[in-house]
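Novice: quick one: sequence and predicted model below, then my questions.
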There are 2 protein chains.
Amino acid sequence: MTQPKAPKAPNAPIDLARQLARFDEHWAPKKIAGLNDYEVKIVKVKGEFVWHHHEDTDELFLVLSGRLTIRLRDGDVVLGPGELYVVPRGAEHCPVAEEETAFLLLEPAGVPNTGSAGGPLTRAAESLD
Amino acid sequence: MTQPKAPKAPNAPIDLARQLARFDEHWAPKKIAGLNDYEVKIVKVKGEFVWHHHEDTDELFLVLSGRLTIRLRDGDVVLGPGELYVVPRGAEHCPVAEEETAFLLLEPAGVPNTGSAGGPLTRAAESLD
């Protein structure tokens, strides 16, 4: 459930921990900022996502808490807090987290979370601000 | 001084703390990853930079350690670890840090650190990988 937004002062920084505390839903990216035509999103996950790829874009993952495994066809990447990885465009990947994990996701606006795969886990990113 | 790079395993994540430990220089952005035509850079700073703006791009700052003040013409933004701020394109800004501060910087490749201002602090981002 998304909590009501806190009043935002002019020029206020975006506190990642505070924004993460505003929702509980898994695998549902929340937009927290824009950067030109890119979106900065935060995501909470637990369990296994679906194998998919993004035909037209790289995708940056920066883990904020927990532990994220990004399965790739040629091996796994395991990310802890403060670690990032860029999945190259076209590379099939499947994010998995045994414990609840939060990460920052960065890619052009409008990229669907399930990429090529579609299916029931597909979500449009909701704005938190 | 830039330390020799550690051997990088295939599909290795990028550990921000480990990359920050590889250099000491202030106000000299280091590239650690690419995301399409964007660059992910890390920077260590202390003291005051120069007032400048970037005509064609927003600029994302995510503080990793210390405390960064981004002076803007309409007020300051103060960022601690885990806080981010996007300076809009065209907005004049001047980063300042009283203590040594590290942050992640994200913007399109090739954007000069001093933007419109130029001058002796201008540095091309060096690659750490």
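Specialist: That came through fine.

Novice: what are the boundaries of the strands in chain A?
Specialist: Ranges of strands within chain A are A:14-15, A:30-35, A:38-48, A:59-65, A:68-72, A:75-79, A:83-87, A:93-108, A:126-127, based on DSSP state E.

Novice: count the neighbours of residue A:124 for me.
Specialist: Residues within reach of residue A:124, counting by other Cβ atoms under 10 Å in any protein chain shown, total 11. (C-beta placed from N, C-alpha, C; glycine too.)

Novice: nearest spatial neighbour of it, skipping sequence neighbours?
Specialist: Closest residue to residue A:124 in three dimensions, ignoring its sequence neighbours and counting by Cβ to Cβ, 6 or more residues apart in numbering or on different chains: residue A:112, at 7.5 Å.

Novice: what does chain A put close to chain B?
Specialist: Chain A comes close to chain B at residues A:10-17, A:32-36, A:38, A:40, A:57-60, A:64, A:72, A:74-80, A:82-86, A:89, A:106-108, as judged by Cβ under 8 Å from any Cβ of the partner chain.

Novice: list the contacts of residue A:104.
Specialist: A:16, A:40-43, A:60-62, A:64 (Cβ atoms under 8 Å, 6 or more residues apart in numbering or on different chains).

Novice: swap that for residue A:76, please
Specialist: For residue A:76, the contact set (Cβ under 8 Å, 6+ apart) comprises A:69-70, B:11.

Novice: would you reformat the strands of chain A as a markdown table and include mean pLDDT?
Specialist: Listed next are those as a markdown table, based on pLDDT from 0 to 100:
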| stretch | mean pLDDT |
| --- | --- |
| strand A:14-15 | 97 |
| strand A:30-35 | 96 |
| strand A:38-48 | 97 |
| strand A:59-65 | 98 |
| strand A:68-72 | 98 |
| strand A:75-79 | 96 |
| strand A:83-87 | 98 |
| strand A:93-108 | 97 |
| strand A:126-127 | 88 |
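
Novice: now residue A:107, nearest residue through space, not along the chain?
Specialist: Sequence neighbours aside, residue A:59 is the residue nearest to residue A:107 in space, at 4.8 Å (criterion: Cβ to Cβ, 6+ apart).

Novice: so what's that neighbour bridging to?
Specialist: Partner residues in beta bridges with residue A:59, using DSSP bridges, are residue A:87.

Novice: okay, it and residue B:73: tell me how far apart.
Specialist: As judged by Cβ to Cβ, to the nearest Å, residue A:59 and residue B:73 stand 35 Å apart.

Novice: ok, now residue A:76?
Specialist: 47 Å.

Novice: kindly report the same for residue A:126.
Specialist: 32 Å.

Novice: returning to what we had before: out of the strands of chain A, which gets nearest to residue B:25?
Specialist: In terms of Cβ to Cβ, the element of the strands of chain A nearest to residue B:25 is strand A:83-87, at 21.4 Å.
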